[in-house]
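[1] Sequence plus predicted model, see below.
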Amino acid sequence: MKNEPVLLALQRATHATLHLVTTTLVDLDLTASEINVLGNLGDGEPRTVSQLGAAVGSKPATLTGILDRLERRGLITRGTRPGDRRAVLIELTADGRETATLIRQTFADLEHGALAGLSREQIDGARAVLDALTAARP
């Protein structure tokens, strides 16, 4: 919609995308937040809780509940970082890696289809807008 605030368009796109992702991955029986966490861990890099929270945009208390559920399902483990026993390190289990691979492939497929008609410059511009909104502070 012409002259619509970017944030309203982003909200609409977010809701549409979440619906599409959760519908496509319905058989996994995961919430959108759980899918987000596993998708972020799907690159194979363990993360501390604070690093993961920043990546997924969740508050620590919210993230703790998500991690509890994923750990109960055997998709992640919590451990300590070598050299820093205070930092909790989140890693995928074998089942978690399999699930995260499916999630990331689903994201890639959906993104490829949705963005097929856009140029590299348009996609780079959209990414710049998203990065600026992510970095915005009140």
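    Sure, I can see it.
[2] buried stuff in the helix or strand where Ala108 lies?
    Taking DSSP states H and E as the criterion, Ala108 maps to helix 94-115. In terms of neighbour count (16 or more other CB atoms under 10 Å), helix 94-115 has its buried residues at 96-97, 99-100, 102-104, 106-107. Every residue, glycine included, has its C-beta placed from N, CA and C.
[3] same question, stretch 63-77
    Applying 16+ other CB under 10 Å to stretch 63-77 flags 63, 66-67, 69-70, 73, 75-76 as buried.
[4] Strands - which of those land there?
    Ile76 (DSSP state E).
[5] Does anything pack onto the helix holding Ala108? Which helices or strands?
    Where contact means 3 or more CB pairs under 8 Å, 6 or more residues apart in numbering; DSSP states H and E, helix 94-115 is packed against helix 6-24, helix 32-41.
[6] The shortest one versus helix 94-115: what angle between them?
    Interaxial angle, helix 32-41 versus helix 94-115 (axes from the mean of the first three to the mean of the last three CA atoms, to 10 degrees): 100 degrees.
[7] go on, the first one?
    Compare the direction of helix 6-24 with that of helix 94-115 by the same axes, to 10 degrees and you get 130 degrees.
[8] circling back to that earlier point, so can I have TSV of the helices and strands packed on helix 94-115 showing mean neighbour count?
    Converted to TSV, the helices and strands packed on helix 94-115 look like this (neighbours: other CB atoms under 10 Å):
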stretch	mean neighbour count
helix 6-24	12
helix 32-41	21
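[9] and Glu111, which of those is closest to it?
    Smallest distance to Glu111 across the helices and strands packed on helix 94-115 (CB to CB): 9.2 Å, for helix 6-24.
[10] Contacts for that closest one, please.
    Contacts to helix 6-24, defined as CB atoms under 8 Å, 6 or more residues apart in numbering, come from residues 1, 30-32, 35, 106-107, 110, 129-130, 133.
[11] Could you find which two of those residues are furthest from each other?
    The largest separation in these, counting by CB to CB, is between Met1 and Leu30 at 31.9 Å.
[12] Give me the more crowded residue out of the two.
    Under the neighbour definition other CB atoms under 10 Å, Met1 and Leu30 were set side by side, and Leu30 has more, 22 against 7.
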